Every structure is written in C-alpha cells, then in structure tokens.
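Novice: give me the fold of what follows.
(2 chains)
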Amino acid sequence: VYSYTILIRGLVRARQWRAIDRLVAEIEREGRVVLDNVAFCTVIAGAGKAGEVEEALRWFQRMQERGCVPDTVTFNAVINAYGRAGRLKEAMAVLESMAGAGLEPDRVTFSTLLSAFGSAGMRDEAVSMFERMQGAGQGVDLVAYGSMLDLYAKAGELDEALKLLRQMQAGGVSPDAACWNCLFHGMGKAGRVDEAYALFAEMREAGCAPDQVTYSTLIWMCSTAGMIDRALAVFRLMEGEGFCPDEYCYTALLNHYASARQWQRAAAVFQELKQKGCPFGEVTYSAMINVFSKAGRLAEAEATFTEMKLAGHPPNTVVYSCMIDMCGKARSLERAVALFREMLGAGCTPNAVTYNTLIDVFGKNGRMAQAEAAFQEMRLAGLQPDRVTYSAMINGRGQAELYPEAIQLFEEMRAARCQPD
RNA sequence: CGGUGGUGUAAUGCGUGUU
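Specialist: Predicted structure coming up:
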C-alpha cells in the first residue's frame, strides 16, 4: 500500500487523474493490496487543491463503496475541496456527516473552515469562528492566524490584518513567512508599496526568513504598481540571497511589460527563463502571449501559441480568450472565430470571460447578430452574464444604433440582480 | 518523510484629458 500510495502521489502532483483511475483499477484487479484512507485521501486532497472538486468527490464516494471508512484526515480533505470551490453549504454538510460518524473536528478542520469562509466571502462568519477558537484557549495556531490574515488582506481590510499581526506579536506568537506574505499581497493589491517595504524590513528584523513566495509577491507588487526598477531590484536581491527566481517572478515581470507594451523586453525575459532551465507552464506561456497580444504582435503571439502546444501544454481557456481578444482588436474576425471553434474542438470549456470577449469582438466589428448569439449561448451554457457582459452588449447595440434595445439591457441587468456600476 | 488546513503569477467591457 505504501509503495502504491507514493506512486499515486506522483500522479496526483502531475494531475494525471485518468492515469490514477487506471492504476487503481489495476491494483484492484490484482487484489493483493487494499487501498486505505491514506491512499484515497492523497487523491482527494490533491484533486481538491487543483480545483477538481468533482474528481475529489468521486474518490470520496468510491472509497466508501469499497468499504473504506473515512477518518478525520479524509473528512478534512473533502471539506477543503468544497471550501476552496466556495461551496460552503456542502462543506458544512460534510462537517455534519463527520460528526455523524463520531469524529471530532480538530485544529485542521477549523482552519480549513476559516479559509472556506474566506473563499465564500463570508468574512463575519470567519471572524466569529476565529474568536470562538481564541476564547476556547486552544486551537489557534499559525495556520489559523494565516487564514485570517489572508482573509483580511483579500477583503482589503489591511488595518484589521495589521491589528491581528500586532496582536500575535503581543501574545508572543512570531508570524511565519506565510503570515507576512499575506500582508504583502494585500499591500500590493492596495498599491501600498512603501508600507510593504517597511513591513518587509520589519520581517527581517524579527528574524523571519523570506521565502520564494515573499520575493515573488514583492516582485508582483512592484510590477503591478508599474515600478519595474524596484521589481528588478527585488529580483536581484533574491538571487543574491541564493534563491532562484521561479516562474511566478518571471510572470510578474512579463505582466508589467504587457501593460507597458514592451514586448521586446518581455521576449528577452522569456528567453532568459528558458535558458536558465527554470520550469514553467501554461500560466507563463499565457502571460507571454498576453504581452504580444496587448502589443498587437499577432505573428509573435501565434508563434508562442504554437510553441506551447508543441511543448505539451494544450492552451487553456485563458490563452484562447486572450488570442480571441487580440484577433478581435486586430479586426481578424475569421481567425477569432476559428480559434473559438478550435477551442471547443479541443474540449476546452469557454467561461464568462471568453463569452464576454466574443461579444465585445463581434460588437466592435459591427457583427451584432453574432454578438447576440454569443450572449444567448453564454446563458445556455449556464453562465451568468456579469457587468462586463452587459456593458459590452450595451456598447454593441449602441454602436449599431439600437438605442432602445441598449437601454432595455440596462433594465435586464437590474432584473438579473446585476447591479450597474 | 505513504495522506488533510493558511500565502505568490496570466485573459474580457466602460471610464479615467485630446476622436
């Protein structure tokens, strides 16, 4: 069982879900080994983290069908799979069945729930659970603190986050790198670069060693704020400290060059990353394609698009949306449509952004009939039109001089509980 | 050290001073 679990773990890391199916089928056919909680939980946890909730649930069900009784660790993994997907009601239902099985929630369960509240945007519920945990005088460990710091930072409540950090320190708890990183990310989102730098100095004075995430977050923050010199300085700093900049660091730089329309610099950075042998995947490819797309370099974007396919990375929804957007802005409607077809043929599912892009592309090119069709199709696919959808539609109808129809969309927006901004 | 919890990167509309 141990050996097979290690094998399964490898497949989980590589996200080879079908290969896991085959392996488990074979193990069961041989019948010499019976998989246990650890083996099943490895798959459930991995799938949950990868956002493959259905995959996780399938395994949870399958293990029970095989007569394997889930333990606390497995229940926690299932709760986390739902929680990360923002499916809080279902997470709570699993918590119930856990209790029904006579298992007590442990401190992992609690911080899993805190993050789940965070993902579901249920800030107040998280705060009250956290306070109850503190009141109970046990169970508040660094991960629980980290979950709360992340939640506050993502909600833009930086002062609350700072307050909590000070509270930890006052209580003799030293924040670890993950805790500090949550604050840096929040500061980055808020554009509070100088404060982040001050905190970074404080982190080091406190004797907490920055990690890869710290550096990539700082680089991302500077890049996003348009401070490329600072971003590059952090890049050099981390190298000086013996860290090897990873895919996240490079992608942050690429993203800056995309907004700055500096595609040559981006191309040089992309080249450097490859030369250093730094592993990278679809996100970095899409960032590079986005650079070319924003700069209107169609040929280069197409070349990178082909390159990623050849490298064994099938383009995902983000890449297709980006390519379609580029073609639309370049008025290459045929190519845009061809890409959308290719996407469907490749089994890549369009999301709201893809449809919004199509609607905008058609509308801007005077093809309202196709924009309307995309608008329909989007809803048929079960996707909720959002503000971007409506404003792209309103624009399109406006450009087509369909004024009453445009105004009507404004009304539909309200009816669809999509508040105009 | 066979399994569970917190942190980082990419795509869409409008607007933000010159179509």
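Novice: residues in contact with the residue in the stretch 51-200 of chain A that RNA strand B sits nearest to?
Specialist: For the stretch 51-200 of chain A, the residue positioned closest to RNA strand B under Cβ to the nearest atom of the strand is residue A:146, at a distance of 2.1 Å. Just so you know, the C-beta spots here come from the backbone N, C-alpha and C atoms, and that holds for glycine as well. Applying Cβ atoms under 8 Å, 6 or more residues apart in numbering to residue A:146 gives the contacts A:111, A:176, A:178-179, A:182.
Novice: in what helix or strand does it lie?
Specialist: helix A:142-154 (DSSP states H and E).
Novice: residue A:162 now?
Specialist: In this assignment (DSSP H and E), residue A:162 forms part of helix A:158-170.
Novice: in that helix, which residues are buried?
Specialist: Neighbour counts using 16 or more other Cβ atoms under 10 Å place A:158, A:160-162, A:164-165, A:168 of helix A:158-170 among the buried residues.
Novice: next up, phi/psi of the residue positioned nearest the centre of chain A, please.
Specialist: In chain A, the residue lying closest to the centroid (Cα atoms, centre = their mean) is residue A:51, at 8.8 Å. Main-chain dihedrals, residue A:51, degrees, to the nearest 10: phi 80, psi 10.
Novice: how about it, what does it touch?
Specialist: Contact analysis of residue A:51 by Cβ under 8 Å, 6+ apart lists A:84-85.
Novice: quick one, helices of the stretch 151-300 of chain A?
Specialist: A:158-170, A:177-190, A:193-205, A:212-224, A:228-240, A:247-259, A:263-275, A:282-294, A:298-310 (DSSP state H, counting those that start in this stretch).
Novice: for chain A, where's the lowest mean pLDDT among helices and strands?
Specialist: helix A:403-415 (a mean of 90; mean pLDDT, DSSP states H and E).
Novice: show residues contacting it.
Specialist: In contact with helix A:403-415 (Cβ under 8 Å, 6+ apart) are residues A:387, A:390, A:393-394, A:397-398, A:419-420.
Novice: from RNA strand B, how far off is the closest residue to residue A:285 other than its chain neighbours?
Specialist: In this structure, residue A:285 finds its nearest non-sequential neighbour in residue A:308, 4.1 Å apart by Cβ to Cβ, 6 or more residues apart in numbering. Applying Cβ to the nearest atom of the strand, to the nearest Å, the value for residue A:308 to RNA strand B is 11 Å.
Novice: would you confirm that residue A:125 contacts residue A:116?
Specialist: No - taking contacts as Cβ atoms under 8 Å, residue A:125 lies outside contact range of residue A:116: 9.4 Å.
Novice: more neighbours: the two, which one.
Specialist: residue A:116 (27 against 16; other Cβ atoms under 10 Å).
Novice: before we move on, which element is that one in?
Specialist: helix A:107-119.
Novice: gap between that helix and the chain center?
Specialist: Computed by Cα atoms, centre = their mean, to the nearest Å, the separation of helix A:107-119 from the middle of its chain amounts to 17 Å.
Novice: from the chain's centroid, how far away is the helix or strand where residue A:328 lies?
Specialist: In this assignment (DSSP H and E), residue A:328 forms part of helix A:317-329. Taking the mean of its C-alpha atoms, helix A:317-329 sits 19 Å from the chain's own mean (Cα atoms, centre = their mean).
Novice: what's the following helix or strand after that helix?
Specialist: helix A:333-345.
Novice: so whichever helix or strand comes after that following helix versus helix A:317-329, what angle?
Specialist: Sequence order places helix A:352-364 as the next helix or strand after helix A:333-345, per DSSP H and E. Counting by axes from the mean of the first three to the mean of the last three Cα atoms, to 10 degrees, helix A:352-364 lies at 10 degrees to helix A:317-329.
Novice: touching RNA strand B at all, helix A:352-364?
Specialist: Yes - judged by Cβ under 7 Å from any atom of the strand, helix A:352-364 comes into contact with RNA strand B at A:352-354, A:356-357, A:360, A:364.
Novice: pull the most distant pair out of the residues you listed.
Specialist: Largest separation among those by Cβ to Cβ: A:352 and A:364, giving 18.2 Å.
Novice: out of everything not next to it in sequence, what's closest to residue A:97?
Specialist: In space, residue A:97 is closest to residue A:75, 7.8 Å off (Cβ to Cβ, 6+ apart).
Novice: so is the helix holding residue A:328 next to RNA strand B?
Specialist: Yes - under the criterion of Cβ under 7 Å from any atom of the strand, helix A:317-329 makes contact with RNA strand B via A:317-319, A:321-322, A:325.
Novice: element containing residue A:140?
Specialist: Counting by DSSP H and E, residue A:140 is part of no helix or strand.
Novice: coming back round to it: for the helix holding residue A:328, buried residues please.
Specialist: Neighbour counts using 16+ other Cβ under 10 Å place A:318-329 of helix A:317-329 among the buried residues.
Novice: so how far is residue A:45 from the closest residue to residue A:66 other than its chain neighbours?
Specialist: Leaving aside its chain neighbours, residue A:66 sits nearest to residue A:35 (7.3 Å; criterion: Cβ to Cβ, 6+ apart). Separation of residue A:35 from residue A:45 (Cβ to Cβ, to the nearest Å): 14 Å.
Novice: pretty sure the residue nearest to residue A:97 is touching residue A:102, no?
Specialist: No - look at residue A:75 against residue A:102 with Cβ under 8 Å: they stay out of range, at 11.3 Å.
Novice: which one of those two is surrounded by more residues?
Specialist: The neighbour count for residue A:75 versus residue A:102, taken as other Cβ under 10 Å, is higher for residue A:75 (26 against 6).
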